[in-house]
Each structure stands twice: as C-alpha cells, then as structure tokens.
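S.K.: model this:
(one chain, ligands or ions: 2)
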Amino acid sequence: MISLRRLTKQYGSFTAVDAIDLEVPRGELFGFLGPNGAGKTTTLRMIAGILRPTSGAISIAGVDLAADPIGAKMRLGFIPDRPFIYEKLTGAEFLRFVAGLYDQDGPDVEHRGRELLALFDLEEWKDELVESYSHGMRQKLIISSAFVHRPEVIVVDEPMVGLDPKAAKILKDLFREYTRRGHTIMMSTHTLEVAETLCDRVAIIAKGTIRACGTMDELRRSADAGTQGLEQIFLRLTGENAARELVEVLDA
Ligand SMILES: Nc1ncnc2c1ncn2[C@@H]1O[C@H](COP(=O)(O)OP(=O)(O)OP(=O)(O)O)[C@@H](O)[C@H]1O
Ligand SMILES: [Mg+2]
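M.R.: Ligands and ions are numbered 1, 2, ... in the order given. This is a model prediction of the structure:
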C-alpha cells in the first residue's frame with residue numbers, strides 16, 4: 001500500500017533521508033521509530049506529498065506520487081506533527097472542509113463527522129470555534145479529519161503527543177480497528193510501548209537510514225536481543241548510550 005524506493009531527501013549538502021526502501025502492505029499498522037532528527041518527519045512529509053524528494057519514488061495504493069500526485073493523495077490521510085487548523089471554523093465545519101477537499105460531502109460525511117467527534121468526547125464542542133479548543137482537543141480534531149474521508153492509507157506523525165490516557169486508548173483502538181478493516185496506517189512514535197504492543201511491524205531509522213525492520217520477534221532475532229524489549233533493541237541499533245553520556249556530563 002505504501003512503497004518507497006531509494007527515497008532520498010537532501011537539505012543542501014545534508015542528507016536527511018538516505019535511499020530508503022520500504023513496503024507497507026494493505027491492512028498493516030506500521031510503526032516508524034528513531035531518535036530525534038533521524039528523518040521520520042521528513043520521510044512522512046514526502047509520503048504525504050508536501051515535501052518533494054531529492055530522488056527515489058513513492059507509490060500509494062499502486063499510484064505513483066510523482067506521476068499522479070492528486071490520484072495518490074486522494075487515497076491518503078495525513079496527520080502532521082504540527083497541524084494547522086483554521087481558528088475561525090468550528091470543529092464540525094473543519095471536518096466538513098477537509099472532507100470537501102477530498103470531494104466528499106452529504107449525509108455520510110455528516111454522520112462520520114458526528115461519530116468521530118462523539119468518539120473523542122468533542123460532541124459538545126462541535127459548534128464552537130477551534131480557537132477555543134485546548135491542545136489535546138485540537139489534536140483529536142486533526143485525527144478525526146484524517147478519518148472523515150475514509151482514506152485507504154493514513155500517515156501520522158506522533159499522534160499520541162498531548163492526548164490524555166483515555167484519548168490515547170481510543171486512538172489505539174481506532175487504529176487497530178481501521179487496519180483490521182483492510183486500511184493501512186504508518187505512524188511515527190517515540191512511545192516504544194505503543195510501538196511494541198500496537199504495531200504489526202516496525203522500522204527503526206537513524207541518521208536517514210533504516211537500521212532494522214520487521215515484527216518484534218524478527219527485531220529481537222536480528223539484534224540478537226533474546227527476550228529484550230524494544231527499548232534495548234532501539235538503543236543498541238541507534239547507538240545511543242544516554243546513561244554513559246549522562247555520567248560524563250555530571251562528572252565534568
Ligand atoms: N527544512 C529543513 N532544512 C534543513 N534541515 C532540515 C529541515 N527539516 C529537517 N531538517 C534536518 O533533517 C533531519 C531530519 O529531521 P526530521 O524532522 O525528519 O527528524 P525526525 O526523525 O522527525 O525527528 P524528531 O524525532 O525530533 O521529530 C534533522 O537533522 C533536521 O535538522
Ligand atoms: Mg519528527
């Protein structure tokens with residue numbers, strides 16, 4: 001459903017994403033992990049078609065993004081890490097507006113919008129302007145807007161940030177149920193527990209290259225990590241040794 005071939009992004013002479021190959025099949029909930037600055041947001045923004053790759057190819061549901069950008073984007077919902085919402089729209093109007101961008105309107109859209117807002121406890125706020133929403137409420141609205149047009153593929157950058165435990169649980173259930181119905185989701189996250197318990201497969205990216213990709217069992221085997229959790233595998237594969245560095249800083 002999502003296919004990346006030698007995907008590369010350079011900012012000047014700096015290579016943020018370095019010839020990534022990746023296949024995410026239909027119905028998969030795929031986790032994208034990596035340290036700060038690894039290239040996750042850059043990759044997801046290229047898949048969403050808002051950042052142009054330096055080289056390489058992306059296809060969404062078999063549609064080449066460069067050859068048919070509208071066709072590919074029509075099949076995709078994107079939840080960015082720093083979303084933009086029109087402050088002077090109400091929650092309900094914002095969902096209608098996003099559905100309209102995907103050529104959808106009418107009773108089905110209204111129904112789905114209401115259901116999504118109810119799911120996230122935003123029902124009472126649906127006719128209030130977004131400018132009066134809290135951070136978490138905005139996040140829940142943005143998430144709803146990616147589902148309202150029921151895309152085949154959803155790409156989401158750190159969806160859990162700012163959500164309370166109840167909303168985080170609802171989001172996890174929604175992601176699971178959506179992929180169970182044959183849709184595909186690729187999400188970045190720093191919450192290893194979420195990746196470990198929620199995702200079918202994960203990729204670990206560091207300095208623009210994929211260091212490992214597979215199910216939790218496959219990662220444990222490839223990292224020769226025995227029964228270790230994702231945290232140990234992550235730290236080993238990304239070469240992070242925070243504890244030692246911390247001691248060095250404190251001793252200096
Ligand atoms: N517009 C830009 N111009 C120059 N360099 C950029 C730009 N955007 C990102 N970078 C660099 O590209 C690298 C990857 O950034 P990116 O935002 O993709 O990381 P990330 O994996 O999403 O990190 P985080 O976990 O902190 O969100 C970083 O070194 C960053 O400084
Ligand atoms: Mg990022």
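S.K.: Tyr11: what's it in contact with?
M.R.: By Cβ atoms under 8 Å, 6 or more residues apart in numbering, no residues touch Tyr11. From N, CA and C alone the C-beta is placed, and that goes for glycine too.
S.K.: roughly how far apart are it and Asp64?
M.R.: Separation of Tyr11 from Asp64 (Cβ to Cβ, to the nearest Å) stands at 24 Å.
S.K.: Equivalent analysis for Leu163, please.
M.R.: 34 Å.
S.K.: Settle it for me: which of the two has more neighbours?
M.R.: Each of Leu163 and Asp64 has its neighbours counted (other Cβ atoms under 10 Å); Leu163 has more, 19 against 14.
S.K.: Can you tell me how far the more buried one is from His135?
M.R.: For Leu163 relative to His135 (Cβ to Cβ), the value is 9 Å.
S.K.: and Arg5, that's in a strand?
M.R.: Yes. Arg5: assigned to a strand according to DSSP: H, G, I helix; E, B strand; the rest coil.
S.K.: which residues touch it?
M.R.: Asp21, Gly56, Ala57, Ile58.
S.K.: Give me the buried entries from these.
M.R.: Buried members of those, scored by 16 or more other Cβ atoms under 10 Å, are Gly56, Ile58.
S.K.: Just want the residue of the stretch 151-252 of the chain that's nearest ligand 2.
M.R.: Residue of the stretch 151-252 of the chain nearest ligand 2, by Cβ to the ion: Asp157 (6.0 Å).
S.K.: so what's that residue up against?
M.R.: Counting by Cβ under 8 Å, 6+ apart, Asp157 touches Lys40, Thr41, Leu44, Arg45, Ile79, Pro80, Asp81, Met187, Ser188.
S.K.: beta partners for it?
M.R.: Beta-bridge pairing for Asp157 (DSSP bridges): Ser188.
S.K.: tell me the pLDDT at it?
M.R.: For Asp157, the model assigns a pLDDT of 95.
S.K.: ok, it to Arg236 distance?
M.R.: On the measure of Cβ to Cβ, Asp157 and Arg236 end up 25 Å apart.
S.K.: cool, and Arg52?
M.R.: With distances taken as Cβ to Cβ, Arg52 is found 34 Å from Arg236.
S.K.: buried set for the helix or strand hosting Lys140?
M.R.: Using DSSP states H and E, Lys140 falls within helix 135-147. Neighbour-count burial for helix 135-147 flags Met137, Arg138, Gln139, Lys140, Leu141, Ile142, Ile143, Ser144, Ser145, Ala146, Phe147 (criterion: 16+ other Cβ under 10 Å).
S.K.: Reduced to three states, what does Asp127 come out as?
M.R.: coil.
S.K.: Just confirm it contacts Ala92, I think it does.
M.R.: Yes. Contact criterion Cβ atoms under 8 Å: Asp127 and Ala92 qualify, at 6.2 Å.
S.K.: neighbour-wise, which of the two wins?
M.R.: The neighbour count for Asp127 versus Ala92, taken as other Cβ under 10 Å, is higher for Ala92 (19 against 10).
S.K.: what's the neighbour count on Arg221?
M.R.: Residues lying near Arg221 (other Cβ under 10 Å) number 12.
S.K.: ok, and the closest non-adjacent residue to the most centrally placed residue in the chain?
M.R.: Centroid-nearest residue in the chain: Val156, 2.0 Å away (criterion: Cα atoms, centre = their mean). Ranked by Cβ to Cβ, 6 or more residues apart in numbering and with sequence neighbours excluded, the top spatial neighbour of Val156 is Ile79, at 4.0 Å.
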